[in-house]
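> With the input below, show me the fold.
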Amino acid sequence: MKQGTTILTLDNGYHLWTNTQGTGDIHLLCLHGGPGGTHEYWENFGEELADLGVQVHMYDQLGSFYSDQPDYSDPENQKYLTTDYFLDEVEEVRQKMGLDNFYLIGQSWGGALVQLYALKYGQHLKGAIISSMIDNIDEYVEHVNLCREEALPPSAVKYMQEQEAAGNWDDPQYQKYVDVLNAGYVDRKQPTAIRHLISTTATDVYGAFQGDNEFVVTGKLKDFDLRDQIHNITVPTLLTFGEHETMPVRSAQRMAEVIPHARLVTTPNGGHHHMIDNAPVYFKHLKEFISDVENGTFND
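Numbering: from 1, shown residues only. Got it, this is the predicted structure:
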């Protein structure tokens, strides 16, 4: 399969930026978070997994920085701001890349897509890796509120709540508090590893699903809930979470008990982006999972 960057044309006429790293018979397709994030925290996965013979494929989802960005003010394009669209986009990317019997990894929102993909298209998967994403938003919101109370004084929490109620998302003091929370629970490795001169977040997409930041959910994701479905995920599944992140590890423990063939691992001193915060432990867990599935010893 071609190495490096390829621009993939979707059936809808839009174009996605894709990139393939490494060589080997094992294939890993990577789904970034957001929605509206980018592929960038996957960029070193080809190097990290080279000794296992893993070929790593990544892409920016529609609307994200390196791929086409529809004009979402056009009502016709609202159909691209749905979970069903992004799920079926994964399947189209798989087909156009010629992947089958492959591993699918997703971070955060990408982890939600992994769960949905395993439920709908699981016959194509050899294994699923859900990185920093639980199966519902209610428990997530409860947890990030606890994180906020833990990290900030009561006056700051009250201030944030007041600005949120008023819709003052651009308030400078509010955003300073968001920065504090991000440094504690999202990107614990400071300064952040991925930096740009401008923001690369696709705010039209992120806002429609999440909201202003990681500590509020005002968009479509507030209705995400697969608690009554995840027992139907039958492929070997790795749940990987940071020990100091926005997603509640307690919920991940429940998921590991409900999904028939699941393993939960946690990364010390890792936040939401624990593949960067503590890369050696993250990749140790990932490589052990892939090796065990490949060797047929995952359930031993």
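
> just the strands in the stretch 1-150 of the chain please.
With strands called from DSSP state E, counting those that start in this stretch, the stretch 1-150 of the chain shows them at 4-9, 15-21, 26-31, 54-59, 102-107, 125-131.

> tell me which strands and helices the fourth one is in contact with?
Pointing back at strand 54-59 there. Judged by 3 or more Cβ pairs under 8 Å, 6 or more residues apart in numbering; DSSP states H and E, strand 54-59 is in contact with strand 15-21, strand 26-31, helix 45-48. Every C-beta, even on glycine, is put in place using the N, C-alpha and C of the backbone.

> Can you show me the CA trace of stretch 188-198 as CSV?
Extracted C-alpha coordinates of stretch 188-198, given in CSV (Å, rounded to 0.1, in the frame of the first residue of the first chain):
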residue,chain,number,x,y,z
ARG,A,188,-0.8,17.1,31.1
LYS,A,189,2.6,17.2,29.2
GLN,A,190,3.3,20.9,29.0
PRO,A,191,4.1,22.7,26.8
THR,A,192,1.7,20.8,24.6
ALA,A,193,3.4,18.6,22.0
ILE,A,194,1.2,19.6,19.1
ARG,A,195,1.3,23.4,18.5
HIS,A,196,0.3,25.7,15.7
LEU,A,197,0.3,29.4,15.0
ILE,A,198,-3.4,29.3,14.7
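
> what comes into contact with that stretch?
Contacts to stretch 188-198, defined as Cβ atoms under 8 Å, 6 or more residues apart in numbering, come from residues 40-41, 183, 187, 242, 244, 269-271, 273, 276-277.

> and with 7 Å instead?
40-41, 183, 244, 269-271, 276-277 (Cβ atoms under 7 Å, 6 or more residues apart in numbering).

> cool, stretch 83-90 as well?
Applying Cβ under 7 Å, 6+ apart, the external contacts of stretch 83-90 come out as 31, 35, 61-62, 79, 113, 116-117, 120.

> got the buried residues for that stretch?
Buried residues in stretch 83-90, counted by 16 or more other Cβ atoms under 10 Å: 83, 86-87, 89-90.

> mind listing what's buried in stretch 107-116?
107-116.

> Can you show me the strands along the stretch 151-300 of the chain?
Per DSSP E, counting those that start in this stretch, the stretch 151-300 of the chain carries strands over the ranges 237-242, 262-267.
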